[in-house]
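Peer 1: Let me see the structure of the following:
(one chain, ligands or ions: 1)
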Amino acid sequence: MTSTTAPRTPPTTSTAASGISSGAPTVADVGPAVVLGANQYGKAEVRLVRVTRDSARHEIEDLTVTTQLRGEALADSYLVGDNAKVVATDTQKNTVYAFARDGVGAPEDFLTRLADHFTGEFDWITGGRFGALAHSWGRIVTDASGETSEGGVGHDHAFVRGGTETRTALVVVDGDRRWVVAGLEDLTVLKSTGSEFHGFPRDRYTTLVETDDRILATSVTARWRYTDETVEAARTPGAVDFDALYERVRAVLLATFADVHSLALQQTLYAMGRRAIEEVDAVAEVRFSMPNKHHFLVDLAPFGLDNPGEVFYAADRPYGLIDGAVIRAGVAEAPAAWDAVTPFV
Ligand SMILES: O=c1[nH]c(=O)c2[nH]c(=O)[nH]c2[nH]1
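Peer 2: The predicted structure is shown next:
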C-alpha cells in the first residue's frame, strides 16, 4: 500500500521496542519508514509422549509443547537475516525431548524448566511463551474386576485416550516477571434440567420462546492465572503441586456447573469463576469462553406425538458464545500473560 499523504523518507530499519536503528540497509532506497513490531519465534506443537517404564506398570504422559523465544537481540534475524542469536527452532524441539528424558511431571513445571533453560543458557533470550496441551490417557480395563497382576486397576500398559478434554498450561516470561496460566479446553458438560432463560427483551425479530426448563450444555474453555506468590514459589522445583491445583479447579468448575440453578449461561459462568477463586487461594483470575450448545425441543405434533421435554435437536451451529473473566479483587492485572494465551499475530 502507498500513502499519498505521508512524506517520502529514507528507509529506516529499527525495532519498535527499542527504537535502535540496526544501521544495515535492507530495503529499497525509497518508501515509508518501517519498524519491526513485537515478535517471537519457536517450535510449535512438539508432540511428546513419554513412557515411564521403571516397573511393569507403565505410566504415559502425552503433551503438545510450543516454545517461543523473545529478546531484542533477535531483531537482526528479522531485519537483516543475521542468525547469530537465533536458537534454531529445531534446537528448541530437541531440547523439549531431551528435557523429557528426565521426566515431565506437571506441565507447568516442565514449561518452567524449559523457560529457565532458554533464558539462562542464552543471555539475549529475555522472555518467551511456553505452552503445553496435556492429553489424557486412561488404562484399559480388560476384565470385570479390572484388577491386574500389579494390583492396580486397569491394564499395566494398554491405554485408551481420554475424552476430548485437554489440559492447557502456559508460562510467560518477561525479564524478571513471570506468569503461569493453567486451563482446560473442550470440557463438554450438559444439564438436562435446572436451567431457565427468560426476561430478555423482545423486538420484532425475537422468536425465542421463554423457558423455565431447558437443556444447558456447553464445552468449557477456561484459563486461570495463578497468583504472583504461587508463581514465585514455583521457581523452587516441586514446591507447588500444579497437578493437585488443576484437579481442584476442575472439580470446582464441574460441581458449580452442576449445582447452580441457571438463569443464563452468563450467570453460570460467573458462579464457576467465583467459586474457583473462593475455594482455591492460588487462583488470581479465571477467564472463560463457553459456547451455548443449543438443544431445541423437536415438534412431534405432526406425527401425532407429544414431546414433554424428551426429544431434542442438538444444533451444531450457530451457537451462543458467552465469554467472561472473573478476577480476585485487588490482584494486579496481567495483560502480558493474557496476550500470550491467544497465540499472537
Ligand atoms: O443462557 C443464555 N444466554 C443468552 O444470552 C442467550 N441468548 C439466547 O438466545 N439464548 C440464551 N441463553
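Peer 1: From now on I want contacts and neighbour counts done on CA atoms only, so please keep to that.
Peer 2: Fine.
Peer 1: So what touches the strand or helix carrying Val51?
Peer 2: Element membership of Val51 [criterion: DSSP states H and E] is strand 41-52. Strand 41-52 is contacted from outside by 58-70, 88-90, 92-93, 96-97, 100, 103-104, using Cα atoms under 8 Å, 6 or more residues apart in numbering.
Peer 1: what does stretch 318-338 give?
Peer 2: Contacts for stretch 318-338 (Cα under 8 Å, 6+ apart): 172, 179-181, 227, 265-266, 269-270, 273-274, 277, 283-294.
Peer 1: Endpoints of it, how far apart?
Peer 2: Distance between the two ends of stretch 318-338: 27 Å, counting by Cα to Cα, to the nearest Å.
Peer 1: now that stretch: how far from the chain's centre is it?
Peer 2: 13 Å (Cα atoms, centre = their mean, to the nearest Å).
Peer 1: How about that stretch, which residues are buried there?
Peer 2: 323, 325-328, 337-338 (16 or more other Cα atoms under 10 Å).
Peer 1: Mark which of those are part of strands, please.
Peer 2: In this view, the buried residues of stretch 318-338 that belong to strands under DSSP state E are 323, 325-327.
Peer 1: coming back round to it: tell me which residues of the strand holding Val51 come out buried.
Peer 2: Result for strand 41-52 [16+ other Cα under 10 Å]: buried residues 41-44, 46, 48.
Peer 1: go on, stretch 55-75?
Peer 2: Neighbour-count burial for stretch 55-75 [16+ other Cα under 10 Å]: 57, 59-72, 74-75.
Peer 1: Keep the contacts of stretch 318-338, but drop any that are not near the ligand.
Peer 2: Near the ligand, judged by Cα under 6 Å from any ligand atom, the entries from these are 265-266.
Peer 1: Please flag which of the contacts of stretch 318-338 sit within helices.
Peer 2: Among these, the members found in helices (DSSP state H) are 265-266, 269-270, 273-274, 277.
Peer 1: Save those residues as TSV, and put in neighbour count and pLDDT too.
Peer 2: Converted to TSV, these look like this (neighbours: other Cα atoms under 10 Å; pLDDT from 0 to 100):
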residue	neighbour count	pLDDT
Leu265	23	97
Gln266	15	96
Leu269	27	97
Tyr270	20	97
Gly273	27	98
Arg274	20	98
Ile277	22	98
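Peer 1: okay, these in TSV with distance to Asp82 next?
Peer 2: Below are the ones in helices among the contacts of stretch 318-338 laid out as TSV (distance: Cα to Cα, whole Å):
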residue	distance to Asp82
Leu265	51
Gln266	50
Leu269	48
Tyr270	49
Gly273	46
Arg274	49
Ile277	47
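Peer 1: Write out the residues of the stretch 101-250 of the chain neighbouring the ligand.
Peer 2: So the stretch 101-250 of the chain meets the ligand at Phe197 (Cα under 6 Å from any ligand atom).
Peer 1: would you list every one of the strands in the stretch 101-250 of the chain?
Peer 2: Assigned by DSSP state E, counting those that start in this stretch, the stretch 101-250 of the chain shows strands spanning 127-139, 159-174, 177-191, 216-226.
Peer 1: if we compare those strands, which one ends up closest to His198?
Peer 2: Taking Cα to Cα, strand 216-226 is the member of these nearest to His198, at 13.7 Å.
Peer 1: Might you quantify the distance of that closest one from its chain's geometric centre?
Peer 2: Worked out by Cα atoms, centre = their mean, strand 216-226 lies 10 Å from the chain centre.
Peer 1: packing partners for that strand?
Peer 2: Under the contact criterion of 3 or more Cα pairs under 8 Å, 6 or more residues apart in numbering; DSSP states H and E, strand 216-226 touches strand 177-191, strand 283-292.
Peer 1: For those strands, state which one has the densest average packing.
Peer 2: strand 283-292 (a mean of 22; mean count of other Cα atoms under 10 Å).
Peer 1: and the end-to-end length of stretch 98-109?
Peer 2: 15 Å.
Peer 1: Okay then, goodbye and thanks.
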